[in-house]
Structures are given as C-alpha cells and as structure tokens.
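> Got a predicted structure plus its sequence, pasted below:
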Amino acid sequence: MGSNGEGKPDSGLSSLMLETEAFLTRLITLKPPAPSDPIVRKLNSNEIQSMQHQIMPDDHPQDLPSVIQQAMTVFDNRMRLTHPHCFSYIPACPSSLARLGDLLTSVYNVNAVSWDVSSGPSAVEKAMIAWLGAQLGMPESVGGCFVSGGSMANMAAIIAARDEMLNPRERGNAVIYMSDQTHISISKALHMTGFLDYQIHKIPTDDNFRIDVSMLRHAIDTDRKSGLLPFLLVANCGTTNTGSIDPLGSLADVAQDEKLWLHVDGAYGASIALSDKHRYLIDGIGRADSVSWDGHKWLFQTYGCGIVLTRHPGSLLRSFAIDAEYISGVLAPQGTTNFYNLGPELSRPARAMSLWLTLRTLGRHRMGEMIDQGFILARTADYNIRRYKNWVVMAPTVSSTVVFRYTVREFDEEELDALNKAISQRLLAENIAAILTTKIRGRTTLRMCMMNPLVMPETIDHVISQLDKVAQSELHNTYPKVAKMTPYCQECPRVDILQDVQ
Ligand SMILES: Cc1ncc(COP(=O)(O)O)c(C=O)c1O
C-alpha cells in the first residue's frame with residue numbers, strides 16, 4: 001500500500017483541524033435516529049423562501065463553522081430514512097462503513113473515467129463487477145460498470161439491448177415486454193432511448209403480482225403475426241410496489257425460445273443473491289443478458305451506487321465506446337477496457353470503492369444476514385397485520401415489502417381509499433411511522449418496506465399495534481356511525497412463507 005501523505009492541509013481548514021476531525025468522527029459514527037426523533041421534517045412554502053434567502057452565497061466570505069451550522073439546518077429538513085419507524089419508498093440505510101467509503105472516495109476524488117487516471121479504483125471496479133456477476137450466477141465473461149443508480153443502470157442496459165438486437169431502421173417496429181408492476185425508470189429509459197408508448201407492451205400479472213407467462217407468450221406470438229419485432233423482455237427481481245419477483249427461470253426460457261434480450265431489473269431484489277437462506281427466490285437471474293442492481297438499496301450504501309451487469313460486455317462497448325483526440329492515445333492495459341467506454345459517463349466518482357470497502361470488511365455472509373433481517377421484519381409485519389381486525393394483506397409477502405389495507409364492510413372502495421390515505425397521513429403527523437400509500441390494482445393501499453438491519457421484530461410489533469389504534473380512531477372520528485357497527489373482519493389465508501416467524 002502506498003503512503004496516504006497528501007501534503008499540508010488546506011490552510012483555510014488548518015485552524016479548524018481539531019474541530020473538523022471531531023466533527024468528521026461524529027458524522028461517520030452518527031447514531032441512528034431514536035424513535036422519538038422526527039421521522040420527517042419539511043419546510044412549508046414560506047420557510048422555503050426564507051431559507052433560500054438566508055443561504056444564498058453573496059460577495060463576502062462567511063466563517064466555516066457558521067456555514068456548517070447552516071448546512072446542518074438544511075439537512076434537518078428531510079425524511080430520516082434510517083429512522084426505525086421509517087418504512088417508506090425503498091429506504092436507504094447505509095452502514096457506517098459505506099459512509100466511510102463514501103468519504104474516502106470524496107477526499108481522494110479520483111476520476112474513475114479511465115485506467116490512466118484511476119488504475120487502482122478501476123481494478124477494484126472490475127473485480128467488483130466480476131464478484132457481483134458471480135453472485136448472480138452470470139458467466140465469467142460478465143462485464144459492466146458502476147453508475148449513479150437503478151435508473152441509469154436500466155437505461156444503459158436498454159441502450160445495449162437496442163443496439164445489439166435492432167437494426168436502426170427497425171426501431172419503429174420493435175416491441176418491449178414487461179409486467180404491469182414494472183418500475184417507472186424502465187418506461188423513462190425507453191422514452192429517453194427513442195421508443196414510443198405503443199411499443200411498450202405491458203403484460204398483466206397474476207395473483208402473486210408476477211408476470212403472466214402464458215399471456216406473455218401469447219402477446220409475443222400475436223405481435224409477430226402482425227409484423228412487429230419483439231426484441232426486449234424486462235423482468236422484475238423485486239417490484240417496488242409489492243416486492244414480487246417474476247419467474248426468472250421461465251422468463252429466461254421465453255427469452256431463449258423467442259430470441260429476446262432479457263433484462264432483469266434487480267435494483268431492489270438482486271441483493272437477495274447474497275443471502276444463503278433466500279437466494280433460491282431469484283433462481284434464474286444469472287441467465288439474464290443484463291441485470292441492474294442498486295447498492296444504495298439493499299446493499300446498505302449511500303446514494304449514487306448503481307450497477308449494470310451484462311453477459312455481453314461487447315454490447316456495452318458497441319453502444320458506449322468512443323474516442324476523442326485528447327484521450328485517444330490513452331490505452332487500458334492488455335485485456336481491460338476504460339470504463340468510459342462501458343457506460344454513459346466520462347468523469348465520475350470511484351463508485352465501487354465504498355461497496356467494496358463494506359463487503360471486504362463485513363464479508364458476504366454478514367451482508368447476507370443483514371439482508372435476511374429485512375425478510376424477518378416483513379414477515380413479522382405481515383403476521384401481525386393479519387392478527388388485527390379489518391386488515392387485509394393485499395399481496396403475498398415475499399421479500400421485505402408488505403402491502404395492506406384497512407377494510408370496513410360498510411364502505412365503498414373510494415371511501416376505503418380515503419380512509420387508508422388518512423391513516424397514513426396521521427401516522428406521519430403523529431410521528432408514529434412513515435407508512436406511505438401506493439396503488440394496488442387501482443386501490444389506495446398502505447405499504448411498508450423494511451430494509452433497516454438495526455430494526456428488531458419487537459419494533460414492528462409495536463408499530464403495527466399503533467397502526468391499528470390509529471385506524472380505529474380514524475374510523476371513530478370521521479365515521480362514528482360506522483364505527484359503532486360490528487367491524488368486519490375479512491379472513492385472510494396465511495401464506496406458507498410465514499411459518500418461519502411463528
Ligand atoms: C425496482 C426498481 N428499479 C429501478 C429503480 C430506480 O432506481 P434509482 O432510484 O436508483 O434510479 C427503483 C427505485 O426505487 C426500483 O425500485
């Protein structure tokens with residue numbers, strides 16, 4: 001290892017060195033929020049205006065401690081995704097190691113554009129791509145690169161698929177298949193890459209929110225007969241709505257039979273590959289032509305860590321390789337490729353470093369256990385929700401997401417939508433939990449995504465009991481007449497997967 005001596009510190013900082021050191025230590029070892037801390041703090045429109053007024057840079061310098069103080073006030077206005085009662089979106093819960101890796105990456109500020117500028121971090125990135133691909137069961141020839149997140153990974157893969165599979169003149173006739181549960185980033189990427197809505201064929205999902213494979217086969221057949229050109233099949237490995245996982249092996253068979261490029265959006269669920277207990281859920285993922293995977297979701301990284309992997313690195317090269325006079329003389333060592341030729345970016349941070357540092361320190365086994373904790377929490381939530389009256393679990397709980405709805409017999413669907421929305425809003429307003437809503441089959445539904453490895457099942461028990469109290473109180477306050485009637489309890493069959501927690 002070389003020396004890390006980088007000369008004297010910036011003179012502006014030297015007088016603040018001690019304070020800064022203490023401050024940095026505090027930041028890296030930041031304690032997770034306590035349950036009583038606000039889950040969300042947000043500025044109203046007046047506060048937004050006044051904050052913008054106060055923080056605007058002007059002609060004169062300001063002393064660093066007071067600017068840092070301002071920065072802390074700015075950051076205070078946020079949703080605390082690591083709060084133990086925050087279950088919204090797909091909450092990033094970075095480990096301290098990821099924060100440290102991120103800090104190191106910023107301090108060294110290597111431009112991971114090419115081997116000449118970044119041979120160390122590029123070697124790590126290449127090793128990480130090989131390691132991550134192997135975890136998914138992809139062949140040794142796997143290639144890819146780190147990008148800013150799942151959206152960019154999906155886009156890079158779609159560009160590679162388009163360029164590999166289609167003659168430019170055929171693009172207007174091409175068709176893309178995906179389920180009705182597919183993340184918006186796929187449609188966004190398809191639009192950015194020049195495809196129009198009529199080319200996106202959304203296939204319905206079954207009761208488990210998995211793509212209906214026979215309908216898919218039928219759609220491909222019909223499209224071919226009408227002269228269209230099926231070329232890309234997008235599969236979900238962990239949908240954002242329910243956490244469902246498409247039958248990846250069957251989709252790989254369809255792709256093989258129909259000669260389609262299979263892209264798996266594993267932004268959320270590809271991490272399951274690191275869990276010894278649950279890896280079987282994503283069997284078949286390694287047969288994909290390309291996979292996207294987010295470190296800042298279920299690999300406990302800070303934001304800006306996405307990965308695109310493909311068994312055809314030549315396709316990425318075909319789409320992204322370009323030379324300019326000022327770098328054309330720069331050659332990667334034998335058998336390696338400059339990363340700027342494998343993805344859309346030129347200058348970029350060494351994004352692989354913090355994931356590498358985390359995995360190298362913890363080891364895959366520990367990381368897998370941290371992922372397993374999400375499964376335990378979700379099953380605990382599912383089990384508890386079914387124990388209370390009037391609650392219906394809206395989809396099988398297969399990974400770390402649970403969707404459920406408060407259901408009162410006397411209400412029509414619109415009233416139930418309003419009631420569930422009100423429950424979500426009250427939970428947040430009273431700082432009980434961030435359990436936001438989504439739409440499942442068009443109906444407003446509460447949704448919990450549990451990724452925080454520091455949260456214990458007892459916390460989930462407590463949150464669900466509070467949730468039920470809020471639902472009952474909301475019913476009493478808003479609809480006292482209905483609340484007096486005997487509540488309706490919909491029988492919900494238990495799913496087998498719950499056996500683990502009983
Ligand atoms: C399944 C899935 N794919 C892709 C994305 C997009 O990822 P990012 O927000 O990192 O761009 C998300 C984001 O939540 C997601 O859940």
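Alright, I've got the coordinates.

> so where's the longest helix in the chain?
Secondary structure of the chain per DSSP state H: the longest helix is helix 364-387.

> Partner strands of the following helix or strand past that helix and their direction?
Moving toward the C-terminus from helix 364-387, the next helix or strand (DSSP states H and E) is strand 391-393. Here strand 391-393 is paired, per DSSP bridges, with strand 401-406 (antiparallel).

> Strands of this protein, start to end?
143-147, 174-179, 200-203, 229-236, 261-266, 290-294, 306-310, 391-393, 401-406, 437-440, 443-449 (DSSP state E).

> Please render those strands as JSON lines that adds mean neighbour count, distance to residue 429 and mean pLDDT to the earlier fields.
No exception for glycine: its C-beta is placed from N, CA and C like everyone else's. Shown next, in JSON lines, are the strands of the chain (neighbours: other C-beta atoms under 10 Å; distance: least, C-beta to C-beta, whole Å; pLDDT from 0 to 100):
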{"stretch": "strand 143-147", "mean neighbour count": "28", "distance to residue 429": "37", "mean pLDDT": "98"}
{"stretch": "strand 174-179", "mean neighbour count": "23", "distance to residue 429": "35", "mean pLDDT": "98"}
{"stretch": "strand 200-203", "mean neighbour count": "18", "distance to residue 429": "36", "mean pLDDT": "98"}
{"stretch": "strand 229-236", "mean neighbour count": "26", "distance to residue 429": "33", "mean pLDDT": "98"}
{"stretch": "strand 261-266", "mean neighbour count": "29", "distance to residue 429": "34", "mean pLDDT": "99"}
{"stretch": "strand 290-294", "mean neighbour count": "31", "distance to residue 429": "30", "mean pLDDT": "98"}
{"stretch": "strand 306-310", "mean neighbour count": "29", "distance to residue 429": "33", "mean pLDDT": "98"}
{"stretch": "strand 391-393", "mean neighbour count": "20", "distance to residue 429": "21", "mean pLDDT": "98"}
{"stretch": "strand 401-406", "mean neighbour count": "27", "distance to residue 429": "17", "mean pLDDT": "98"}
{"stretch": "strand 437-440", "mean neighbour count": "17", "distance to residue 429": "14", "mean pLDDT": "98"}
{"stretch": "strand 443-449", "mean neighbour count": "24", "distance to residue 429": "15", "mean pLDDT": "98"}
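
> okay if I get these as TSV plus distance to residue 93?
Below are the strands of the chain laid out as TSV (distance: least, C-beta to C-beta, whole Å):
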stretch	distance to residue 93
strand 143-147	20
strand 174-179	27
strand 200-203	32
strand 229-236	22
strand 261-266	18
strand 290-294	13
strand 306-310	17
strand 391-393	24
strand 401-406	15
strand 437-440	20
strand 443-449	11
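
> could these go into TSV alongside distance to the ligand?
Shown next, in TSV, are those (distance: least, C-beta to the nearest ligand atom, whole Å):
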stretch	distance to the ligand
strand 143-147	9
strand 174-179	11
strand 200-203	15
strand 229-236	7
strand 261-266	5
strand 290-294	5
strand 306-310	5
strand 391-393	20
strand 401-406	10
strand 437-440	11
strand 443-449	9
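
> Quick one: closest of those to residue 211.
The closest of the strands of the chain to residue 211 is strand 174-179. By C-beta to C-beta, the value is 3.8 Å.

> Tell me the spacing between residue 58 and the ligand.
Shown here: residue 58 relative to the ligand, a distance of 34 Å by C-beta to the nearest ligand atom, to the nearest Å.

> Likewise for residue 372?
20 Å.

> Okay, now the unreliable bits of the stretch 401-502 of the chain?
Low-confidence segments of the stretch 401-502 of the chain, defined by pLDDT under 70: 481, 483-502.

> Find the nearest non-adjacent residue to residue 114, please.
In space, and not counting its chain neighbours, residue 114 is closest to residue 338: 4.1 Å by C-beta to C-beta, 6 or more residues apart in numbering.

> Tell me, what's the model's pLDDT at the one you found?
Note for residue 338: predicted pLDDT of 92.

> and the chain, which of its residues are near the ligand?
Residues of the chain found near the ligand (C-beta under 6 Å from any ligand atom) are 90, 149-151, 183, 185, 238, 240, 265, 267-268, 294, 306.

> same thing but at 8 Å, please
89-90, 148-154, 182-186, 236, 238-240, 265-269, 292, 294, 296-297, 303, 306 (C-beta under 8 Å from any ligand atom).

> follow-up on the earlier one: isn't the residue nearest to residue 114 up against residue 332?
Yes: judged on C-beta atoms under 8 Å, residue 338 makes contact with residue 332 at a distance of 5.0 Å.

> overlap in contacts of the two?
Overlap between the contact sets of residue 338 and residue 332, as judged by C-beta atoms under 8 Å, 6 or more residues apart in numbering, is given by 114-115.

> So for the two, which sits in the more crowded spot?
Neighbour totals were compared for residue 338 and residue 332, and residue 338 leads with 21 against 15 (other C-beta atoms under 10 Å).

> For residue 304, see how far away the more buried one is.
20 Å (C-beta to C-beta, to the nearest Å).

> go on, residue 465?
When residue 465 is compared with residue 304 (using C-beta to C-beta), they lie 37 Å apart.

> neighbour count winner among those two?
It is residue 304, of residue 465 and residue 304, that has more neighbours when counted by other C-beta under 10 Å, with 17 against 12.

> Got the confidence number for that one?
98.

> quick one: it and residue 147 touch, right?
No: Residue 304 lies out of contact with residue 147 (C-beta under 8 Å); the separation is 9.0 Å.

> Give the residues shared as contacts by the two.
Counting by C-beta under 8 Å, 6+ apart, the common neighbours of residue 304 and residue 147 are residue 351.

> which of the residues of the chain next to the ligand are buried?
89-90, 148-154, 182-183, 185-186, 236, 238-240, 265-269, 292, 294, 296-297, 306 (16 or more other C-beta atoms under 10 Å).

> Next step: the residues you listed restricted to helices.
Filtering those for helices - DSSP H - leaves 150-154, 185-186, 296-297.

> What is the most widely separated pair among those?
186 and 296 (18.2 Å).

> Start and end of stretch 178-194, how far apart?
17 Å (C-alpha to C-alpha, to the nearest Å).

> repeat for stretch 399-411
31 Å.

> Please list the residues outside stretch 244-262 that contact it.
Stretch 244-262 is contacted by residues 161, 164-165, 177, 179, 181, 205, 208-211, 213, 216-217, 220, 230-233, 235-239, 264, 269, 281-285, 287-290, 395-396, 398-399 when judged by C-beta under 8 Å, 6+ apart.
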